[in-house]
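In: Mind looking at a prediction? Sequence and model below.
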Amino acid sequence: MKIKNPFFKKKQNINLSIILNKLGKKRISKDIKINNISNLHTASSKDISFMNSLKYLDSLKKSKAKYIICNEAHFNKIKNFCYPIVVKDVLKSVYKITELFFPGSLDDAIDFSVLKPNIKNFKKVKFGHNVLIGEKVKIGNNTLIGHNTIIESNTIIGSNCVIGNNVLIKYSIIGNNVRILDGSIIGKKGFGFFPNIKKNIRYPHIGIVIIEENAEIGCNNTIDRGSLSNTVIGKNTFIDNQVHIAHNVCIGNNCIITGQVGFAGSAKIGNKVYIGGQAGISGHLKIGNNVQIGGGSGVIKNIPDNSKVMGYPAKDIRKFLKDNK
Amino acid sequence: MKIKNPFFKKKQNINLSIILNKLGKKRISKDIKINNISNLHTASSKDISFMNSLKYLDSLKKSKAKYIICNEAHFNKIKNFCYPIVVKDVLKSVYKITELFFPGSLDDAIDFSVLKPNIKNFKKVKFGHNVLIGEKVKIGNNTLIGHNTIIESNTIIGSNCVIGNNVLIKYSIIGNNVRILDGSIIGKKGFGFFPNIKKNIRYPHIGIVIIEENAEIGCNNTIDRGSLSNTVIGKNTFIDNQVHIAHNVCIGNNCIITGQVGFAGSAKIGNKVYIGGQAGISGHLKIGNNVQIGGGSGVIKNIPDNSKVMGYPAKDIRKFLKDNK
Amino acid sequence: MKIKNPFFKKKQNINLSIILNKLGKKRISKDIKINNISNLHTASSKDISFMNSLKYLDSLKKSKAKYIICNEAHFNKIKNFCYPIVVKDVLKSVYKITELFFPGSLDDAIDFSVLKPNIKNFKKVKFGHNVLIGEKVKIGNNTLIGHNTIIESNTIIGSNCVIGNNVLIKYSIIGNNVRILDGSIIGKKGFGFFPNIKKNIRYPHIGIVIIEENAEIGCNNTIDRGSLSNTVIGKNTFIDNQVHIAHNVCIGNNCIITGQVGFAGSAKIGNKVYIGGQAGISGHLKIGNNVQIGGGSGVIKNIPDNSKVMGYPAKDIRKFLKDNK
């Protein structure tokens, strides 16, 4: 929840009455200023927080937050510690309030401030033709930027990087010696929303994409930024072409991800994980370290360290090969 | 067959002798003018039509068409009603004649007429850098068009839309409040042709792409236009990244299609269908309403309303999970 | 190993001491000039060669090479014929030496020499807006090049071709009457490297992409060039959208490859092979002629001529359908 990034400006001190109004709740007698929405653990006494499971009861007891968004079911537990704000859908309400504090986070499709790079600001960067650079972009020395590439405002790119042609980068921090190849799209908001029969309700994406040093991202990839946390590609991880990485996915160091692999939202991948072509990893899974996943696999449950799996659904590779003799 | 669209100009009044010649048939004694090629139901007395199955016998009896392309097998049925033109391959012949009436429909790869937008024509549209707009393009108020995007001639885009960066749109009609994100290619001709050992024979694509209001199309998608009918994306349907939608596919309203899903040609998808990542839908299938298809599934037969399926081939999800315990 | 192509300039006459130093070996008493690295069969007396299997013993006996990179295990066999250079990893050493002879082959991400086309050199070529053309590019008559397309130095394109919009072509030779549609990336180096915990070691890609006459490549495809051999797409082969073709893959003539198919490195595909959507072909496989592979299949072993297969792993299609009734 605590994201320090240069991309989204947080509003300060929103009236509690405005927050309650956004949630369709009646205002309470005394209006006060709220500084942020945070989880129970990190909230200050000026923040609003939320609780959607009893497993956070300990955190609740220690939390400094005075106002807690919760379900009807948890009202009685919470009222002993602080003021509960009962809603039907806790997560949806959290997104609504996040949007209040980060008002630009739903509306990120195009950065109209981009311009031809001002060479004075980038003396040791080599640019191709038709490059467009946003405001306050930082690019390290000896980095190359290919033709037609767009780098949106506030993006940070390290030194000795190669950014290919027709690349789009937004809401991202890129380490040193990273290569991002042609046609890839890094940092678009994720595919997250609440379905609604008339018009789906987008939720804010205030997370970013972090790509660590020595990583390589192939061609025509899409790496979406996180919603409330970040999407991370670890050090020296290499990714082939046409890979899709959804919001909040974290991939560890020294992984090898081959062509057309897909990661659903919030999957967590360990270090030194090798994934064969076209495999898919379901959302919210945890894949351990030193895991090998065969090409074409569909992984639908967590995989412990040092496993080799294959199949759809993925299972131990020896079992897969034996079952399919 | 009856497609009213601003994209393809139909030739009027082609001599029957030219049509017969195209089909490798001898000319008949009396030459007349033919106005169009249409199905039995909609053909006027000046149109040529076609029949490739006895299930259309009733339509044949009511049809106003005087000339019917057909197989040898149906010659005797047809000759009682009108003049049969016997060919080996009815569909191939229909495409050949369609090409005669729509001569530009095979040759659509590049629109060389596109230019920087004339701001006078688009007073309430915001354009990024290097945008290229074709002739007679219509764009509604408050629509944003991202950098490097190409919108080919005659395209119609509604109001309050967001078209991202590096997008290509051709032969398409886009409703209000639609978002098409970066790198997507909308309206290219479909992958339809008759294999031929020396040089495959393309068939014309005179269908278009229709994207209805409130829909969202993610990044790096490809949505091909129809051949003789249209490709349609329904209202408030959201599509993630790297999805491929082949020609003539129709997707209903309020669907959610996640990353890397693929639809083969002419699949028909109902309303409120949710499809998990990397699933594939075979050609010409009918998927009902309120259907859920698990990630990675390969759907190879029709799915009735209100089903939940998963697997390759896709089956009832409870059966899939039980079989794979 | 013997690749005549206009893309990579070979260094002449590298001192053996430099080669040994690159391999971490001590220098030998007498330094000489080496002209190239070649396989046993084609090496001249001035070349260095390599052997990593006893199945090449006959070639060794006939080889003109005087210096052979090999494993410890083969030292005794080789020392009778010529001078063995013992290394831990033969293939890795071959790549290191290849990089010495082809110094630009690791560093190909962006061609900064591209410029607006000089129309004088391309009198019968039609260019869209913002096209960028490298040095010594050859393009045949009546070829069309779409908007924003980049064609890097030394590329050769035949006559009557259509290259769509936003296409990137490098290190490629394209035959006559080929169509490459929007957003495709042809000739990028393949996903080949030796994993290394600190920083993976790229190996050189001195192969190219060859696309033969009448072929069609759809939208948003990626076709990587070969490492030491070429990637080849045969005559009249048609490829749909979002297909990924890895390095060294060879596809025969008259094939039909539908959307989102993926080929891992070095797969060899015969003539008249039809592959359904989203199928994947593992690396180094051999698929025969007249093979049909069902949509969604995962092919993990060789397929003989005239087979029809489906499933994951792919098996006889009748068996697949029977097993899944």
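Out: Structure received.

In: Residues of the stretch 151-300 of chain A that sit close to chain B?
Out: Applying CB under 8 Å from any CB of the partner chain, we find that the stretch 151-300 of chain A lies next to chain B at A:166, A:168, A:183, A:185, A:188, A:191, A:193, A:195-200, A:220, A:222, A:224, A:242, A:244, A:246, A:260, A:262, A:264, A:278, A:280, A:282, A:298, A:300. C-beta here means a position set from N, CA and C on the backbone, and glycine is covered the same way.

In: Give me the subset of the residues you listed lying in strands.
Out: A:168, A:185, A:193, A:222, A:244, A:262, A:280, A:298 (DSSP state E).

In: Let's have these in a markdown table, adding neighbour count.
Out: Listed next are those as a markdown table, based on neighbours: other CB atoms under 10 Å in any protein chain shown:
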| residue | neighbour count |
| --- | --- |
| A:Leu168 | 29 |
| A:Ile185 | 28 |
| A:Phe193 | 17 |
| A:Thr222 | 29 |
| A:His244 | 29 |
| A:Gly262 | 30 |
| A:Gly280 | 28 |
| A:Gly298 | 27 |
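
In: and of those residues, the nearest to chain C?
Out: Chain C lies nearest to A:Gly298 out of these, by CB to the nearest CB, at 9.0 Å.

In: With pLDDT and distance to C:Ile28 added, can I get the ones in strands among the residues of the stretch 151-300 of chain A next to chain B in CSV?
Out: Output for those, formatted as CSV (pLDDT from 0 to 100; distance: CB to CB, whole Å):
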residue, pLDDT, distance to C:Ile28
A:Leu168, 98, 52
A:Ile185, 98, 52
A:Phe193, 89, 68
A:Thr222, 98, 52
A:His244, 98, 52
A:Gly262, 98, 52
A:Gly280, 98, 52
A:Gly298, 98, 54
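
In: how near is whichever residue of the stretch 151-300 of chain A sits closest to chain B to C:Cys161?
Out: Per CB to the nearest CB, A:Gly298 is where the stretch 151-300 of chain A lies closest to chain B, at 3.6 Å. Note on A:Gly298: its distance to C:Cys161, by CB to CB, to the nearest Å, is 39 Å.

In: Give me the phi and psi angles of the residue of chain A found nearest chain C.
Out: Of all residues in chain A, A:Gly296 sits closest to chain C, at 3.6 Å by CB to the nearest CB. Backbone torsions for A:Gly296, taken as degrees, to the nearest 10, come to phi 80, psi 0.

In: In contact with it: list those residues for me.
Out: Contact partners of A:Gly296, counting by CB atoms under 8 Å, 6 or more residues apart in numbering or on different chains, are A:276-279, A:310, A:312, C:280, C:298, C:312.

In: wait, doesn't A:Ser153 sit right on A:Ser113?
Out: Yes: using CB atoms under 8 Å, A:Ser153 is in contact with A:Ser113, at 5.7 Å.

In: pLDDT wise, what is the residue of chain A closest to chain C at?
Out: Looking at A:Gly296, its pLDDT reads 98.

In: nearest residue to it other than its sequence neighbours?
Out: In space, and not counting its chain neighbours, A:Gly296 is closest to C:Gly298: 3.6 Å by CB to CB, 6 or more residues apart in numbering or on different chains.

In: And the ones in strands among the residues of the stretch 151-300 of chain A next to chain B, which two are furthest apart?
Out: Pairwise distances across those peak at 29.1 Å for A:Leu168 and A:Gly298 (criterion: CB to CB).

In: wait, A:Phe238 sits on A:Ile251?
Out: No: distance between A:Phe238 and A:Ile251: 10.6 Å, which falls outside the contact criterion (CB under 8 Å).

In: Of these two, give the one with the bigger neighbour count.
Out: Counting neighbours by other CB atoms under 10 Å in any protein chain shown for A:Phe238 and for A:Ile251 shows that A:Ile251 has the greater number, 27 against 21.

In: list the contacts for the more buried one?
Out: With the criterion set at CB under 8 Å, 6+ apart, A:Ile251 makes contact with A:232-234, A:237, A:245, A:257, A:263, A:269, A:273.

In: Name the nearest residue to it, sequence neighbours excluded.
Out: A:Ile269 is the one closest to A:Ile251 (CB to CB, 6+ apart), at 4.4 Å.

In: ok so, going back, and the residue of the stretch 151-300 of chain A closest to chain B, what does it touch?
Out: A:Gly298 sits next to A:279-280, A:282, A:311-314, B:278, B:295-296 when contact means CB under 8 Å, 6+ apart.

In: Please repeat the previous calculation with a cut-off of 10 Å.
Out: Taking CB atoms under 10 Å, 6 or more residues apart in numbering or on different chains as the contact definition, A:Gly298 lies against A:262, A:278-282, A:311-314, B:276-279, B:294-297, B:310-312, C:312.

In: partners of it in the sheet?
Out: A:Gly298 has the following beta-bridge partners by DSSP bridges: A:Gly280.

In: Which strand or helix spans A:Val232?
Out: strand A:231-233 (DSSP states H and E).

In: returning to that earlier point: got any residues that touch both of A:Ser153 and A:Ser113?
Out: With contacts defined as CB under 10 Å, 6+ apart, the residues shared by A:Ser153 and A:Ser113 are A:133-136.

In: Now tabulate these in CSV and tack on neighbour count and pLDDT.
Out: Below are the shared contacts of A:Ser153 and A:Ser113 laid out as CSV (neighbours: other CB atoms under 10 Å in any protein chain shown; pLDDT from 0 to 100):
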residue, neighbour count, pLDDT
A:Ile133, 25, 98
A:Gly134, 18, 97
A:Glu135, 11, 96
A:Lys136, 12, 96
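
In: packing partners for the helix-or-strand element of chain A with minimal mean pLDDT?
Out: Within chain A, no helix or strand scores below strand A:201-202, which has a mean of 86 by mean pLDDT, DSSP states H and E. When contacts are defined as 3 or more CB pairs under 10 Å, 6 or more residues apart in numbering or on different chains; DSSP states H and E, strand A:201-202 sits against helix A:90-101, strand A:193-194.

In: Show me what the mean pLDDT comes to for the longest one.
Out: Going back to what we said before, that points to helix A:90-101. Mean pLDDT, helix A:90-101: 90.

In: List of residues touching the helix or strand just after it?
Out: With elements assigned by DSSP H and E, the helix or strand that comes after helix A:90-101 is strand A:126-127. Applying CB under 10 Å, 6+ apart, the external contacts of strand A:126-127 come out as A:116-117, A:119, A:133, A:139, A:142-147, A:149, A:151, A:162-163, C:110, C:112.
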